[in-house]
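Visitor: Below are the sequence and a predicted model; questions follow.
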Amino acid sequence: MRINRHTVPQIAEYARTGRVVVFDTETTGCSCYDEICQIAAAEYRSGELTRTFNVYVCPSCEMNPFAEQIHGLSLEFLSEHGLAPEEAMRRFFAFLGNDALLVAHNNKFDMRMLRQECGKFALCFEPEGIETCDTLALSRFLRPDLERYALAYLIKALDIDGVNSHDALDDTLACAGVFFTLLTR
């Protein structure tokens, strides 16, 4: 969903009364050859956290050393604790369901990775009634006074409890804090 003066009130009303799913991914890198290695989500109904989702994924590709340095997930850890990619995506889509606002920080990246993963494993990603919202675009629109818009910076600038640890669940909860704070202040 594009962020503008017409859509922000709609997003705010939906956040107050509807179902919002905030999510984040950690990946083996940023190229079209990379894969998701962790996906997490948090469901909010009428602004209240109702449940969370967090799975590690055993990728079929190599881990970029820079990515591993950022999120700390090794192939050894993922091979022991991760699900097969198809199973992880099926569980995520079951959690997502239909009729929700799907929120992420810099959602272009996360949505690209979801579609890429689905394409690799012949999974369909066309949930009904799903709109998307990017907290990066939302924060730029609502807070043009800020110097930066990285999640870690927004947490501090907006005085939000949370951490940008590059653990998908931590980052999901921090992103949710940014989303709801921006819309209620």
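Guide: In hand now; what should we look at? Numbering: from 1, shown residues only.
Visitor: Going by C-alpha atoms from here, please, whenever you check contacts or count neighbours.
Guide: Fine.
Visitor: Check which helices and strands the longest helix along the chain sits against.
Guide: The helix that spans the most residues within the chain, counting by DSSP state H, is helix 168-184. Using 3 or more Cα pairs under 8 Å, 6 or more residues apart in numbering; DSSP states H and E as the contact test, the elements touching helix 168-184 are helix 7-17, strand 19-27, strand 36-45, strand 48-56, strand 100-104, helix 135-142, helix 151-157.
Visitor: And for Arg140, nearest residue in space, chain neighbours not counted?
Guide: Leaving aside its chain neighbours, Arg140 sits nearest to Tyr149 (6.9 Å; criterion: Cα to Cα, 6 or more residues apart in numbering).
Visitor: hang on, isn't Val103 packed against Leu136?
Guide: No. Using Cα atoms under 8 Å, Val103 makes no contact with Leu136, being 10.1 Å away.
Visitor: so where is this protein shaky, pLDDT-wise?
Guide: Of all residues in the chain, those with pLDDT under 70 make up the ranges 127.
Visitor: change it to 80
Guide: The model of the chain has pLDDT under 80 over residues 124-129.
Visitor: the more surrounded of Val103 and Leu136?
Guide: Val103 (24 against 21; other Cα atoms under 10 Å).
Visitor: what sits against that one?
Guide: 20-23, 132-135, 176 (Cα atoms under 8 Å, 6 or more residues apart in numbering).
Visitor: beta partners for it?
Guide: Val22, Cys133 (DSSP bridges).
Visitor: Report the separation between it and Phe93.
Guide: 14 Å (Cα to Cα, to the nearest Å).
Visitor: likewise Ser46?
Guide: 21 Å.
Visitor: count of residues packed around the residue nearest to Arg140?
Guide: Neighbours of Tyr149 (other Cα under 10 Å): 20.
Visitor: Which helix or which strand is home to it?
Guide: Element membership for Tyr149 (DSSP states H and E) is empty, with no helix or strand holding it.
Visitor: repeat for Asn98
Guide: Here Asn98 is assigned to no helix or strand, by DSSP H and E.
Visitor: wait, doesn't it sit right on Ile130?
Guide: Yes. If you go by Cα under 8 Å, Asn98 and Ile130 touch, sitting 6.2 Å apart.
Visitor: residue contacts, Val55?
Guide: Val55 neighbours (Cα under 8 Å, 6+ apart): 38-40, 82-83, 88.
Visitor: can you list the helices and strands packed on helix 168-184 in JSON lines and add distance to Leu114?
Guide: Shown next, in JSON lines, are the helices and strands packed on helix 168-184 (distance: least, Cα to Cα, whole Å):
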{"stretch": "helix 7-17", "distance to Leu114": "23"}
{"stretch": "strand 19-27", "distance to Leu114": "9"}
{"stretch": "strand 36-45", "distance to Leu114": "8"}
{"stretch": "strand 48-56", "distance to Leu114": "14"}
{"stretch": "strand 100-104", "distance to Leu114": "12"}
{"stretch": "helix 135-142", "distance to Leu114": "18"}
{"stretch": "helix 151-157", "distance to Leu114": "20"}
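Visitor: Noted, bye for now.
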